[in-house]
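One predicted model, sequence on top.
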Amino acid sequence: MRALSVFVAVLLLVSSIAAGVGPAGATADARSASASAVPESDPARTGSIDPATGPASTHGENFTLRVLSTPPGVEPRLSSHRRGVNLGTSLGLAVGDSDAALRTETAVRRIESAETNAERQRRILSAINEVEQNEVSLDSRQTTAINAHASGELTDRELLDELVRIAALAREYDSRLDTLSELAEETDGFNTPDRVSALQVRLQVYDGPVRRIALETVRGDRTGTEIHVQSSSNALVLAAIDGDQYVREAFRRDRWDRGGDDLGSEAAINATIESYPETTDLREPNALGAGAVQRITVDHDFGSLRTFVSGGTEQVFLEHQRMALSAFPDTDSVSTSEDGFNVTVNRTYPGGPVTVTVLDPATDDPLEGITVTKSSGGSPSETIGNTDGDGVVRTLSPAASYRITVVDEPRVAVIDDIDPIETPRVTDDVADGSETDDGG
């Protein structure tokens with residue numbers, strides 16, 4: 001009966017997906033070429049552009065929120081993907097979820113049907129071993145997908161679809177371990193093995209806040225979303241704007257020693273403090289982990305930072321961040337006054353949140369409903385959106401020089417040749433002693 005209920009739930013999910021997708025439901029599958037290296041920001045500009053003399057800051061002149069990124073000195077593949085509803089992907093996810101859930105139900109029935117206590121214990125251990133092997137497969141799948149995208153073999157959509165599938169499996173395996181732990185506690189003379197806790201921490205590596213956004217978007221639970229996709233060999237960065245927050249996740253397989261020794265929480269906290277000194281100065285980190293992976297969390301006034309630190313390397317290899325857009329520090333402003341518009345663009349690093357503000361030059365009042373477009377690398381202009389009640393619209397920064405155009409026919413204002421600023425890298429992942437980098 002439990003298996004039947006899972007099947008019925010999947011049918012309901014498929015029906016709701018089909019009902020929510022119109023004729024234009026499928027997303028465009030645009031292949032993205034590798035972007036060139038980003039030049040360093042130039043404080044001297046000519047024409048109508050009036051750049052600020054230094055980066056904007058809300059917490060002191062030198063405040064920054066550092067980020068993990070693709071390796072320094074390596075040219076990554078960078079692009080911006082417009083994620084939307086996709087019926088085929090949604091149905092595939094539903095089938096995959098159903099298959100994994102049914103496997104969990106099968107394992108439970110097999111354990112509960114054991115005729116002796118010893119056989120029940122053996123079957124619980126066997127089910128845990130199976131999840132361990134499944135986690136190894138997830139690591140292989142994820143690494144293969146990232147490297148295939150970096151080499152141009154996968155499109156942005158194909159990569160995100162695969163990452164979402166992997167995340168869904170990881171969540172199901174984690175849920176299965178919870179169930180197996182309950183069964184173990186109900187078994188006379190038997191307790192949940194310690195390795196289960198370590199395994200559950202490792203399974204969290206395959207999920208992240210941007211992957212959740214990608215899943216919600218493809219299922220139609222949220223409107224179309226722009227996602228920054230950046231990859232190189234064994235490295236991945238995903239970023240998006242989620243309401244009033246900038247959301248980012250970065251993964252570095254080269255910094256994860258899967259065979260590393262067990263890692264204590266104090267060592268993991270120290271590694272995070274050393275890598276993110278400004279962020280950890282805002283709030284004391286706390287640790288949750290087991291075995292060779294520790295998860296460190298810093299909830300602060302401007303958002304949150306979550307790192308995963310590896311035993312062996314004692315380095316951060318996975319980062320999840322949320323940053324308040326209203327307090328985002330790593331920006332540099334350029335502006336123009338043209339054709340009845342005062343336009344300011346807070347430029348930032350590749351994949352970071354760009355804020356465009358449009359004001360009335362006579363009153364300094366925000367102008368609502370003004371169309372703003374963006375173009376980069378010779379590509380046609382694409383509409384970012386319309387300004388809100390504060391005269392603001394946001395997008396993600398390209399890796400190359402770009403143009404912002406403000407349009408309210410017949411009036412037009414343009415800021416051209418906007419260069420991204422350098423990426424504020426974590427302190428132990430920089431090139432030539434610099435703590436910023438222009439490669440994303």
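Good, I have the coordinates.

Confidence-wise, which helix or strand of this structure is lowest on average?
Least confident helix or strand of the chain, by mean pLDDT, DSSP states H and E, is helix 2-19 with a mean of 42.

Pull out the buried residues from whatever helix or strand comes next after that helix.
Under the assignment DSSP states H and E, the closest C-terminal helix or strand after helix 2-19 is strand 77-83. Neighbour-count burial for strand 77-83 flags 77-81, 83 (criterion: 16 or more other C-beta atoms under 10 Å). Backbone N, C-alpha and C define where each C-beta goes, glycine included.

ok, now stretch 209-221?
So for stretch 209-221, counting by 16+ other C-beta under 10 Å, buried means 209-220.

Also stretch 348-355?
Within stretch 348-355, the residues that qualify as buried are 348-355, counting by 16+ other C-beta under 10 Å.

Low-confidence ranges, the stretch 201-350 of the chain, go.
Across the stretch 201-350 of the chain, nothing is flagged by pLDDT under 70.

quick one, helices of the stretch 101-250 of the chain?
117-150, 156-185, 195-203, 209-218 (DSSP state H, counting those that start in this stretch).

Dump these into CSV; add distance to residue 379 as well.
Converted to CSV, those look like this (distance: least, C-beta to C-beta, whole Å):
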stretch, distance to residue 379
helix 117-150, 20
helix 156-185, 15
helix 195-203, 39
helix 209-218, 22
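
Minimum pLDDT in the buried residues of strand 77-83, which residue is that?
Within those, pLDDT reaches its minimum at residue 83, with 62.

ok, back up a step: state the pair within the buried residues of stretch 348-355 that is farthest apart.
Largest separation among those by C-beta to C-beta: 350 and 355, giving 15.6 Å.

and stretch 323-332, how far from the chain's centre?
17 Å (C-alpha atoms, centre = their mean, to the nearest Å).

Give me the buried stretch members for that stretch, please.
323-325, 328-332.

So which of the residues you listed are in strands?
323-324, 332 (DSSP state E).

Distance of the nearest residue to residue 188 once chain neighbours are set aside relative to residue 129?
Nearest-residue entry for residue 188: residue 117, 5.6 Å, with adjacent residues in sequence omitted and distances by C-beta to C-beta, 6 or more residues apart in numbering. Counting by C-beta to C-beta, to the nearest Å, the gap from residue 117 to residue 129 is 19 Å.

Now do the phi/psi pair for residue 402.
Phi and psi for residue 402, reported as degrees, to the nearest 10, are phi -140, psi 170.

Was I right to think it contacts residue 396?
No. Contact criterion C-beta atoms under 8 Å: residue 402 and residue 396 do not qualify, at 10.6 Å.

I'd guessed residue 132 sits against residue 199; true?
Yes. Counting by C-beta under 8 Å, residue 132 does reach residue 199; the two are 6.0 Å apart.

So for those two, which residue has more residues nearby?
residue 199 (21 against 15; other C-beta atoms under 10 Å).

how deep is residue 286 tucked in, by neighbour count?
Quick note: residue 286 (other C-beta under 10 Å) scores 12 neighbours.

actually residue 313, not the one I typed
For residue 313, using other C-beta under 10 Å, the count is 17.

Ok, residue 244 next?
9.

And the residue nearest to it when sequence neighbours are not counted, how far from residue 401?
Distances taken as C-beta to C-beta, 6+ apart place residue 325 nearest to residue 244, at 5.4 Å, with adjacent residues excluded. Going from residue 325 to residue 401 by C-beta to C-beta gives 23 Å.

Which parts of the protein belong to which domain?
2-21+86-210, 77-82+223-327 (automatic domain parsing).

any chance of those in TSV, with distance to residue 415 too?
Converted to TSV, those look like this (distance: least, C-beta to C-beta, whole Å):
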stretch	distance to residue 415
domain 2-21+86-210	27
domain 77-82+223-327	18
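
Please work out which of those domains is packed deepest.
domain 77-82+223-327 (a mean of 20; mean count of other C-beta atoms under 10 Å).

end to end, how far does that one reach?
End-to-end distance for domain 77-82+223-327: 29 Å, by C-alpha to C-alpha, to the nearest Å.

Pick out whichever of the buried residues of stretch 348-355 sits closest to residue 229.
residue 351 (8.6 Å).

Am I right that the closest one falls within a helix?
No. Using DSSP: H, G, I helix; E, B strand; the rest coil, the assignment for residue 351 is coil, not a helix.

Next, the contact list for it, please.
Contact analysis of residue 351 by C-beta atoms under 8 Å, 6 or more residues apart in numbering lists 78, 228, 230, 237, 239, 248, 396-397, 399, 440.

Out of those, list just those in strands.
The strands, defined by DSSP E, take in 78, 228, 230, 237, 239, 248, 396 from the contacts of residue 351.

Which of those sits closest to residue 429?
So of the ones in strands among the contacts of residue 351, ranked by how close each gets to residue 429 (C-beta to C-beta), first place is residue 237, at 12.3 Å.

Just list the residues touching that closest one, thanks.
Residues near residue 237 by C-beta under 8 Å, 6+ apart: 68-70, 76, 228-231, 248-251, 351, 440.

How about residue 177?
Residue 177 is in contact with 128, 131, 196, 199-200, 203, counting by C-beta under 8 Å, 6+ apart.

cool, residue 191 as well?
184-185.

returning to that earlier point: okay if I get the buried residues of stretch 323-332 as TSV plus distance to residue 306?
Formatted as TSV, those follow (distance: C-beta to C-beta, whole Å):
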residue	distance to residue 306
323	12
324	16
325	19
328	18
329	19
330	19
331	23
332	27
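
Tell me the one of the residues you listed nearest residue 305?
Distances from residue 305 to the buried residues of stretch 323-332, taken by C-beta to C-beta, are shortest for residue 323, at 8.9 Å.

Enumerate the beta-bridge partners assigned to that closest one.
residue 246, residue 303 (DSSP bridges).

Just the CA atoms of stretch 189-202, as PDB, please.
The C-alpha coordinates for stretch 189-202 follow below in PDB (Å, rounded to 0.1, in the frame of the first residue of the first chain):
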ATOM      1  CA  GLY A 189      20.700  -5.000  20.700                       C
ATOM      2  CA  PHE A 190      21.500  -2.800  17.700                       C
ATOM      3  CA  ASN A 191      22.200   0.900  17.200                       C
ATOM      4  CA  THR A 192      22.700   3.100  14.100                       C
ATOM      5  CA  PRO A 193      26.300   2.800  12.900                       C
ATOM      6  CA  ASP A 194      28.400   6.000  13.400                       C
ATOM      7  CA  ARG A 195      29.200   6.100   9.700                       C
ATOM      8  CA  VAL A 196      25.600   7.000   8.900                       C
ATOM      9  CA  SER A 197      26.100  10.500  10.300                       C
ATOM     10  CA  ALA A 198      29.200  11.000   8.100                       C
ATOM     11  CA  LEU A 199      27.300   9.700   5.100                       C
ATOM     12  CA  GLN A 200      24.400  12.100   5.600                       C
ATOM     13  CA  VAL A 201      26.800  15.000   5.800                       C
ATOM     14  CA  ARG A 202      28.400  13.900   2.500                       C
END
